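> Just a sequence and a predicted model for now, questions to come.
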Amino acid sequence: QLQLQESGPGLVKPSETLSLTCTVSGGSISNNMYYWAWIRQPPGKGLQWIGSIYYRGSTYYNPSLKSRVTISVDTSKSQFSLKLSSATAADAALYYCARHKIVGATGGIDYWGQGTLITVSS
Amino acid sequence: DIQMTQSPSSLSASVGDRVTITCRASQSIYSYLNWYQQKPGKAPKLLIYAASSLQSGVPSRFSGSGSGTDFTLTISSLQPEDFATYYCQQSYNTPRALTFGGGTKVEIK
(Lines give C-alpha, C1' and ligand atoms only; values in the text may rest on other atoms or scores of the structure.)
Protein backbone atom coordinates (compact mmCIF):
# COMPACT_ATOMS: atom_id res chain seq x y z
CA GLN A 1 0.00 0.00 0.00
CA LEU A 2 1.43 3.34 -1.07
CA GLN A 3 2.01 5.81 1.76
CA LEU A 4 3.00 9.46 1.70
CA GLN A 5 4.30 11.27 4.79
CA GLU A 6 4.94 14.99 5.10
CA SER A 7 7.66 16.31 7.38
CA GLY A 8 9.13 19.66 8.26
CA PRO A 9 8.91 22.52 10.75
CA GLY A 10 5.39 23.37 11.79
CA LEU A 11 6.24 26.98 12.56
CA VAL A 12 7.68 29.44 10.05
CA LYS A 13 8.55 33.08 10.70
CA PRO A 14 7.10 35.74 8.40
CA SER A 15 9.34 36.47 5.39
CA GLU A 16 11.21 33.18 5.84
CA THR A 17 11.06 30.08 3.64
CA LEU A 18 8.64 27.28 4.35
CA SER A 19 10.26 23.89 3.65
CA LEU A 20 8.50 20.53 3.60
CA THR A 21 9.47 17.04 2.47
CA CYS A 22 7.23 14.16 1.44
CA THR A 23 8.53 10.62 1.79
CA VAL A 24 6.95 7.99 -0.45
CA SER A 25 6.88 4.38 0.71
CA GLY A 26 5.19 1.19 -0.45
CA GLY A 27 5.66 2.12 -4.11
CA SER A 28 8.08 3.75 -6.51
CA ILE A 29 8.39 7.51 -6.82
CA SER A 30 9.85 6.77 -10.29
CA ASN A 31 6.58 5.32 -11.60
CA ASN A 32 6.22 6.92 -15.03
CA MET A 33 2.43 7.13 -14.79
CA TYR A 34 2.29 9.67 -11.98
CA TYR A 35 3.11 13.18 -10.88
CA TRP A 36 3.71 14.13 -7.26
CA ALA A 37 1.96 17.19 -5.92
CA TRP A 38 1.69 19.65 -3.07
CA ILE A 39 -1.78 20.88 -2.13
CA ARG A 40 -2.73 23.12 0.76
CA GLN A 41 -5.87 23.97 2.72
CA PRO A 42 -6.13 27.04 4.95
CA PRO A 43 -8.10 26.38 8.14
CA GLY A 44 -11.81 26.15 7.36
CA LYS A 45 -11.25 26.77 3.65
CA GLY A 46 -10.96 24.85 0.40
CA LEU A 47 -8.14 23.09 -1.42
CA GLN A 48 -5.44 24.86 -3.43
CA TRP A 49 -3.02 23.09 -5.73
CA ILE A 50 0.53 24.42 -5.26
CA GLY A 51 2.43 22.45 -7.88
CA SER A 52 3.45 19.06 -9.25
CA ILE A 53 6.69 17.31 -10.16
CA TYR A 54 7.55 14.30 -12.31
CA TYR A 55 10.22 11.88 -11.14
CA ARG A 56 12.52 13.17 -13.88
CA GLY A 57 12.24 16.66 -12.45
CA SER A 58 9.77 18.51 -14.70
CA THR A 59 7.57 20.83 -12.69
CA TYR A 60 4.35 22.79 -12.95
CA TYR A 61 3.28 25.46 -10.50
CA ASN A 62 0.14 27.37 -9.61
CA PRO A 63 0.58 30.76 -11.33
CA SER A 64 -0.53 32.56 -8.18
CA LEU A 65 2.39 31.06 -6.25
CA LYS A 66 4.91 30.44 -9.01
CA SER A 67 7.28 33.27 -8.09
CA ARG A 68 7.75 31.85 -4.58
CA VAL A 69 7.57 28.07 -5.10
CA THR A 70 10.22 25.47 -5.81
CA ILE A 71 9.44 21.75 -5.89
CA SER A 72 12.25 19.23 -6.22
CA VAL A 73 12.60 15.45 -6.21
CA ASP A 74 15.22 13.04 -4.87
CA THR A 75 14.47 9.62 -6.28
CA SER A 76 17.35 8.01 -4.35
CA LYS A 77 15.55 8.90 -1.11
CA SER A 78 12.05 8.46 -2.54
CA GLN A 79 11.26 12.02 -1.52
CA PHE A 80 10.01 15.23 -3.04
CA SER A 81 10.15 18.63 -1.42
CA LEU A 82 8.45 22.01 -1.33
CA LYS A 83 10.02 25.38 -0.69
CA LEU A 84 7.79 28.45 -0.42
CA SER A 85 9.70 31.68 0.08
CA SER A 86 8.67 34.95 1.74
CA ALA A 87 6.03 33.31 3.89
CA THR A 88 3.14 35.39 5.19
CA ALA A 89 0.14 34.68 7.39
CA ALA A 90 -1.77 33.83 4.22
CA ASP A 91 0.46 30.76 3.80
CA ALA A 92 -0.71 29.22 7.08
CA ALA A 93 -2.49 26.03 6.12
CA LEU A 94 -2.61 22.27 6.22
CA TYR A 95 -0.14 21.12 3.57
CA TYR A 96 -0.70 17.80 1.81
CA CYS A 97 1.56 15.85 -0.49
CA ALA A 98 -0.23 13.66 -3.00
CA ARG A 99 -0.01 11.61 -6.19
CA HIS A 100 -1.93 12.07 -9.44
CA LYS A 101 -1.97 10.54 -12.90
CA ILE A 102 0.02 12.20 -15.69
CA VAL A 103 -3.07 12.13 -17.87
CA GLY A 104 -6.16 13.66 -16.35
CA ALA A 105 -8.63 11.39 -18.09
CA THR A 106 -7.36 8.26 -16.40
CA GLY A 107 -7.66 9.19 -12.76
CA GLY A 108 -7.56 11.83 -10.08
CA ILE A 109 -5.47 12.41 -7.00
CA ASP A 110 -5.54 8.91 -5.61
CA TYR A 111 -3.11 8.99 -2.71
CA TRP A 112 -2.65 11.72 -0.12
CA GLY A 113 -0.45 12.21 2.89
CA GLN A 114 -2.11 12.91 6.23
CA GLY A 115 -1.20 16.58 6.01
CA THR A 116 1.00 18.80 8.12
CA LEU A 117 -0.14 22.05 9.69
CA ILE A 118 2.02 25.09 9.05
CA THR A 119 1.75 28.21 11.19
CA VAL A 120 3.36 31.47 10.13
CA SER A 121 4.20 33.59 13.14
CA SER A 122 7.10 35.44 14.72
CA ASP B 1 -7.42 29.65 -16.16
CA ILE B 2 -10.30 27.23 -15.66
CA GLN B 3 -12.54 28.13 -12.73
CA MET B 4 -14.69 25.55 -10.95
CA THR B 5 -17.91 26.56 -9.21
CA GLN B 6 -19.81 24.22 -6.91
CA SER B 7 -23.35 24.57 -5.68
CA PRO B 8 -24.72 24.63 -3.15
CA SER B 9 -21.94 25.55 -0.74
CA SER B 10 -23.77 23.63 1.96
CA LEU B 11 -26.88 21.54 2.35
CA SER B 12 -28.78 19.76 5.09
CA ALA B 13 -30.14 16.30 4.47
CA SER B 14 -31.42 13.26 6.31
CA VAL B 15 -30.20 9.69 6.26
CA GLY B 16 -31.75 7.97 3.27
CA ASP B 17 -32.13 11.14 1.22
CA ARG B 18 -30.97 11.44 -2.37
CA VAL B 19 -28.38 14.21 -2.55
CA THR B 20 -27.15 16.03 -5.63
CA ILE B 21 -24.17 18.38 -5.83
CA THR B 22 -23.37 20.40 -8.93
CA CYS B 23 -20.04 21.56 -10.33
CA ARG B 24 -19.65 23.94 -13.25
CA ALA B 25 -16.47 24.66 -15.20
CA SER B 26 -15.72 28.03 -16.79
CA GLN B 27 -14.96 26.28 -20.09
CA SER B 28 -15.42 22.81 -21.48
CA ILE B 29 -13.34 20.21 -19.70
CA TYR B 30 -14.93 17.29 -21.57
CA SER B 31 -15.07 14.54 -18.92
CA TYR B 32 -11.92 15.53 -17.04
CA LEU B 33 -13.69 15.93 -13.71
CA ASN B 34 -13.03 14.24 -10.37
CA TRP B 35 -14.94 14.23 -7.08
CA TYR B 36 -13.52 13.95 -3.56
CA GLN B 37 -14.95 13.47 -0.08
CA GLN B 38 -13.23 15.07 2.91
CA LYS B 39 -14.08 14.41 6.53
CA PRO B 40 -12.88 16.69 9.35
CA GLY B 41 -9.19 16.24 10.12
CA LYS B 42 -8.67 13.85 7.20
CA ALA B 43 -7.19 14.07 3.74
CA PRO B 44 -9.60 14.11 0.81
CA LYS B 45 -10.59 10.76 -0.67
CA LEU B 46 -11.09 10.20 -4.39
CA LEU B 47 -14.65 9.04 -5.13
CA ILE B 48 -15.20 9.54 -8.86
CA TYR B 49 -12.78 10.16 -11.72
CA ALA B 50 -13.34 11.00 -15.37
CA ALA B 51 -16.78 12.37 -14.43
CA SER B 52 -18.48 9.00 -13.93
CA SER B 53 -15.96 6.27 -13.08
CA LEU B 54 -16.19 4.95 -9.55
CA GLN B 55 -12.86 4.70 -7.77
CA SER B 56 -12.09 1.23 -6.46
CA GLY B 57 -13.65 0.57 -3.06
CA VAL B 58 -16.16 3.43 -3.21
CA PRO B 59 -19.78 2.41 -2.48
CA SER B 60 -22.09 2.26 -5.47
CA ARG B 61 -24.49 4.78 -3.92
CA PHE B 62 -22.06 7.41 -5.21
CA SER B 63 -22.34 8.28 -8.89
CA GLY B 64 -21.17 11.04 -11.17
CA SER B 65 -22.46 12.39 -14.44
CA GLY B 66 -21.96 15.22 -16.88
CA SER B 67 -19.58 16.44 -19.54
CA GLY B 68 -18.46 19.72 -21.01
CA THR B 69 -19.09 22.33 -18.34
CA ASP B 70 -21.78 20.84 -16.09
CA PHE B 71 -21.31 17.93 -13.73
CA THR B 72 -23.21 16.26 -10.92
CA LEU B 73 -22.32 14.08 -7.96
CA THR B 74 -25.25 12.06 -6.64
CA ILE B 75 -25.52 10.09 -3.43
CA SER B 76 -28.52 7.83 -3.94
CA SER B 77 -29.27 7.13 -0.28
CA LEU B 78 -27.33 9.22 2.21
CA GLN B 79 -25.65 7.23 4.96
CA PRO B 80 -24.36 8.53 8.33
CA GLU B 81 -20.76 8.20 7.17
CA ASP B 82 -21.45 10.40 4.13
CA PHE B 83 -21.73 13.62 6.11
CA ALA B 84 -18.64 15.42 4.89
CA THR B 85 -17.42 18.09 2.49
CA TYR B 86 -17.28 17.25 -1.21
CA TYR B 87 -14.98 18.84 -3.77
CA CYS B 88 -14.86 18.68 -7.53
CA GLN B 89 -11.55 19.05 -9.38
CA GLN B 90 -10.81 19.52 -13.07
CA SER B 91 -8.00 17.49 -14.58
CA TYR B 92 -8.38 18.77 -18.15
CA ASN B 93 -4.98 20.41 -18.13
CA THR B 94 -3.21 18.01 -15.79
CA PRO B 95 -0.36 18.33 -14.92
CA ARG B 96 -0.12 22.00 -15.85
CA ALA B 97 -2.93 22.97 -13.50
CA LEU B 98 -5.25 21.26 -11.06
CA THR B 99 -8.24 23.34 -9.95
CA PHE B 100 -10.73 22.58 -7.22
CA GLY B 101 -14.25 23.76 -6.66
CA GLY B 102 -15.03 25.58 -3.45
CA GLY B 103 -16.60 22.60 -1.76
CA THR B 104 -20.07 21.51 -0.62
CA LYS B 105 -20.62 20.67 3.02
CA VAL B 106 -23.28 18.02 3.59
CA GLU B 107 -24.72 18.33 7.07
CA ILE B 108 -27.24 16.38 9.09
CA LYS B 109 -30.78 17.75 8.99
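Right, received. Where do you want to start? Model, not experiment: these values are computed from the prediction. Numbering: from 1, shown residues only, chains lettered A, B, ... in the order given.
> Phi and psi next, for residue B:40.
When read as degrees, to the nearest 10, the backbone of residue B:40 gives phi -50, psi 130.
> Excluding chain neighbours, what is closest to the residue nearest the centre of chain A?
Most central in chain A under C-alpha atoms, centre = their mean is residue A:38, positioned 2.2 Å from the mean C-alpha point. Spatial nearest neighbour of residue A:38, chain neighbours left out: residue A:50 (4.1 Å); criterion: C-beta to C-beta, 6 or more residues apart in numbering or on different chains. The way it works is simple: take the backbone N, C-alpha and C, and place the C-beta from them, glycine included.
> Now residue A:20: closest residue in space that isn't a chain neighbour?
Nearest to residue A:20 is residue A:8, by C-beta to C-beta, 6+ apart, at 3.9 Å.
> And stretch B:51-62, what's buried?
Residues B:51, B:52, B:53, B:55, B:58, B:62 are the ones in stretch B:51-62 that count as buried (16 or more other C-beta atoms under 10 Å in any protein chain shown).
> now for those, which pair is the farthest apart?
Using C-beta to C-beta, these span at most 14.2 Å, a distance reached by B:51 and B:58.
> just to revisit the earlier point, who touches the residue nearest to the centre of chain A in this structure?
A:20, A:22, A:49, A:50, A:51, A:52, A:71, A:82, A:95, A:96, A:97, A:98 (C-beta atoms under 8 Å, 6 or more residues apart in numbering or on different chains).
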